[in-house]
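J.: need coordinates for the below:
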Amino acid sequence: MAQIVSIEVIVQLLNLFLLGLIVYLFVLVIRALRKYLRSGEVREEKKKIRRSLGESLKAHRVGCKMTQEFVAERIGVSRQAVSKWERGASDPNTANLLALAKLYGIEPEELLAEIRKETEE
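T.: Predicted structure coming up:
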């Protein structure tokens, strides 16, 4: 009889634990959604910066009469990576940004200054 009671108590405790876990996960999801909703302006600003960086990179590449494949081979990345940078789907890391500036014959500061001008307008 004592074993039956202790098993029932264990089952109840386990149910309480699972209920607590579900509530905790629900609270985490609600917090994440609230944070996401409040970050709309930041996401829009990042989108503009990415787009303008991509447009600037493409303008320099086209101005230098280079293909995406040529640029990719010169700096050691895939052509798809160059395409993503130009579309604004991703950003080049610092080393790649420096390599791109050198390849296009401009100073990295000049490239970044162009981005700042576009976002200020």
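
J.: elements contacting whichever helix in the chain runs longest?
T.: Longest helix in the chain by number of residues (criterion: DSSP state H): helix 2-38. Packed against helix 2-38 by the contact rule (3 or more C-beta pairs under 8 Å, 6 or more residues apart in numbering; DSSP states H and E) you find no helix or strand. For every residue, glycine as well, the C-beta is placed using N, CA and C.

J.: any idea which residue sits dead centre in this protein?
T.: With distances taken as C-alpha atoms, centre = their mean, the residue of the chain nearest its centroid is Ser90 (6.9 Å).

J.: could you find the closest non-adjacent residue to that one?
T.: Leaving aside its chain neighbours, Ser90 sits nearest to Lys84 (4.5 Å; criterion: C-beta to C-beta, 6 or more residues apart in numbering).

J.: do Arg79 as well
T.: Nearest non-adjacent residue to Arg79, counting by C-beta to C-beta, 6+ apart: Ala72, 4.4 Å away.
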